[in-house]
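Enquirer: Would you be able to build a 3D model of this:
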Amino acid sequence: MRPFLWALAALVPAWACEVPTEIDDVADPRAEIEREVSSTSIPSVSAIVVNAESVVWRGSYGSADAGRPADERTFYDVASVSKLVVVTAVMQLVEQGLLDLEADVNDYLPFPVAHPAHPGVPVTVRHLLTHTSGLSWPNTDADVPGYYTAYPLDGSPPLGAWLPEFIVPEGAHYAPGVWRSSAPGEQEHYSNIGVSLLAHLVEVVAQTDFNTYARERIFAPLQMSSTSFAYADLDMAHAARPYGSGGWAPFTRGRGYPSGDLKTTPEDFSHLLMAYLREGEYRGRRILQPSTVRRILSVENPASGLCLIWAFTLGGWYGHSGGKGGVAAYAEISWPTSGTPPSTPATASTRWCAGSRGKRGSSTPSQPPHQLGQVLDDHDARGRIEADHGEGPTVRGDVVVYVGRSRGHISHGEERLP
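Expert: As a prediction, the model looks like this:
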């Protein structure tokens, strides 16, 4: 049995960022979550623990919107955790022979994509999946003006309409900052715009928009009925409203929505992670072949732990985090592995965070004893509550704070690939 833990929060306010160093074991995670929600003014947190077969534990805390408590039906924007859907879609098409990981993306796209400083080095599908295409994050809207424009509800333009305008040097919105100095395949640079380009590859090859593809090929077979990239598909009575420095914020979607604007519930998203735990299958419906799941979770860069979009991290965990104004999230599973990257230290079992004022917890060496996984949703902090399962569905926890990450993502730096 390989359980995973999921947690979501609408916001950890920016002022609640200090991380004390004292250690405190947590015997009752529900009480600890409620304490964190209260003491740090987190609007809401939702969490679920499952194994490969069923739900083990769940909880919802705080308010999803003014005067409306969060519950198991509450859906959240999970920011960059959305990218796990993109890699799943891409690899489905690779399985079908419709995409080739080593192919130049220009073999598929209707507009040219080439690094201006390295035009002779093709950008491949694998480069985009490993953040090595040379495309930038971009870190802020100042780097690439207009990229992070927020549109009301589902009002963002189609991917094919804006991508060439930003990526191609002749484009109306092109800025030199969209490309880094390194050649494709040379260095790892986390890239939202690169993952948006991946999603458009899916659109071109599958001949449908990305949300429709995901809904029909991933969400429907996984019974994720409360999941979509579009608010129009969901019941807004159950939406967790973003919460920013000015209070409750409007519902928006960015132009690169596949890389950071999925809306889902903890239970819905657990179906996707359970499918990964079961090597591509959920309740008799297969979305990926076992060999494809293993390929996705194979480490590409031992220096950072990056796989195909997924990141291998402390203690045998594979996951992805997400954070932006008003929301944050984390998804993670523990996956059996024959060996860990030599630069990756062994650590504890499952973690999730209810707030930035968590206390550092103890960790145990080697692999977690019960193959756990997780999802986190916070904003500025990067802590978690650990969970461990013994004979029954009891949960114990302590808070573990990750350090050395920027907004929770692995490796935004200049690591050269081996």
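Enquirer: Could you list the low-pLDDT ranges of the stretch 301-418 of the chain?
Expert: Within the stretch 301-418 of the chain, the segments meeting pLDDT under 70 span 335-418.
Enquirer: same thing with the chain?
Expert: Per-residue confidence for the chain (pLDDT under 70) gives these ranges: 1-27, 335-418.
Enquirer: What residues does the spatially most central residue of it make contact with?
Expert: In the chain, the C-alpha closest to the average C-alpha coordinate belongs to Val81, at a distance of 1.6 Å (C-alpha atoms, centre = their mean). For Val81, the contacting residues are Leu262, Phe269, His320, Ser321, Gly322, Ala329, Tyr330, Ala331, Val375, taking C-beta atoms under 8 Å, 6 or more residues apart in numbering as the criterion. Using the backbone N, CA and C atoms, a C-beta is placed for each residue, glycine as well.
Enquirer: Now the fifth one: closest residue in space that isn't a chain neighbour?
Expert: Which is Gly322. The shortest distance from Gly322 to any non-neighbouring residue, by C-beta to C-beta, 6 or more residues apart in numbering, is to Ala79 (2.9 Å).
Enquirer: gap between that neighbour and Met236?
Expert: For Ala79, the distance to Met236 under the criterion C-beta to C-beta, to the nearest Å works out to 19 Å.
Enquirer: Would you mind telling me which of these two has the busier surroundings?
Expert: Shown here are Ala79 and Met236; by other C-beta atoms under 10 Å, Ala79 has more neighbours (26 against 12).
Enquirer: isn't the more buried one right next to Gly260, touching?
Expert: Yes. Taking contacts as C-beta atoms under 8 Å, Ala79 lies within contact range of Gly260: 5.1 Å.
Enquirer: overlap in contacts of the two?
Expert: Applying C-beta under 8 Å, 6+ apart, one finds that Ala79 and Gly260 are jointly contacted by Gly322, Lys324.
Enquirer: quick one: terminal-to-terminal distance for stretch 288-308?
Expert: With C-alpha to C-alpha, to the nearest Å applied, stretch 288-308 spans 14 Å between its terminal residues.
Enquirer: Likewise for stretch 296-313?
Expert: 14 Å.
Enquirer: Make 19 the first number, not 1, from now on.
Expert: Yep, numbering from 19; the last one is stretch 314-331 now.
Enquirer: chain center to that stretch: distance?
Expert: 14 Å (C-alpha atoms, centre = their mean, to the nearest Å).
Enquirer: Please apply the same query to stretch 315-332.
Expert: Centroid separation for stretch 315-332 versus its chain: 14 Å, with C-alpha atoms, centre = their mean.
Enquirer: residues of it that come out buried?
Expert: Buried residues in stretch 315-332, counting neighbours by 16 or more other C-beta atoms under 10 Å, are found at 315, 317-332.
Enquirer: Could you do stretch 166-183 as well?
Expert: Along stretch 166-183, these residues count as buried under the neighbour rule (16+ other C-beta under 10 Å): Tyr166, Ala168, Asp172, Ser174, Leu177, Trp180, Leu181, Pro182.
Enquirer: quick one: which of those residues is nearest Leu306?
Expert: When those are compared for distance to Leu306 (C-beta to C-beta), Leu177 wins out at 23.0 Å.
Enquirer: surely the closest one meets Val222?
Expert: No. With the criterion set as C-beta under 8 Å, Leu177 and Val222 do not qualify as a contacting pair; they are 9.4 Å apart.
Enquirer: State the phi and psi torsions of Tyr94.
Expert: When read as degrees, to the nearest 10, the backbone of Tyr94 gives phi -120, psi 150.
Enquirer: burial measure for Ala349, as a count.
Expert: A total of 33 residues lie near Ala349 under the criterion other C-beta under 10 Å.
Enquirer: nope, Glu113 is what I was after
Expert: Residues within reach of Glu113, counting by other C-beta under 10 Å, total 16.
Enquirer: I'd assumed Pro308 was in contact with it.
Expert: No. Shown here, Glu113 and Pro308 do not form a contact pair, counting by C-beta under 8 Å, at 11.1 Å.
Enquirer: Give me the distance between stretch 71-86 and the centre of its chain.
Expert: Put simply, stretch 71-86 sits 19 Å off its chain's centre (C-alpha atoms, centre = their mean).
Enquirer: ok but Asn124 is inside a strand, no?
Expert: No. Per DSSP: H, G, I helix; E, B strand; the rest coil, Asn124 lies outside any strand segment and is helix.
Enquirer: Contacts only, for Thr158.
Expert: By C-beta under 8 Å, 6+ apart, the contact list for Thr158 reads Tyr166.
Enquirer: tell me the secondary structure for it?
Expert: The three-state assignment at Thr158 reads coil, by three-state DSSP.
Enquirer: Tell me how far it lies from Tyr165.
Expert: Here the criterion is C-beta to C-beta. By it, Thr158 lies 9 Å from Tyr165.
Enquirer: How about Tyr231?
Expert: 23 Å.
Enquirer: and what of Gly203?
Expert: 23 Å.
Enquirer: who has more neighbours, those two?
Expert: Looking at Gly203 and Tyr165 with other C-beta under 10 Å, you find the greater number of neighbours at Tyr165, namely 24 against 18.
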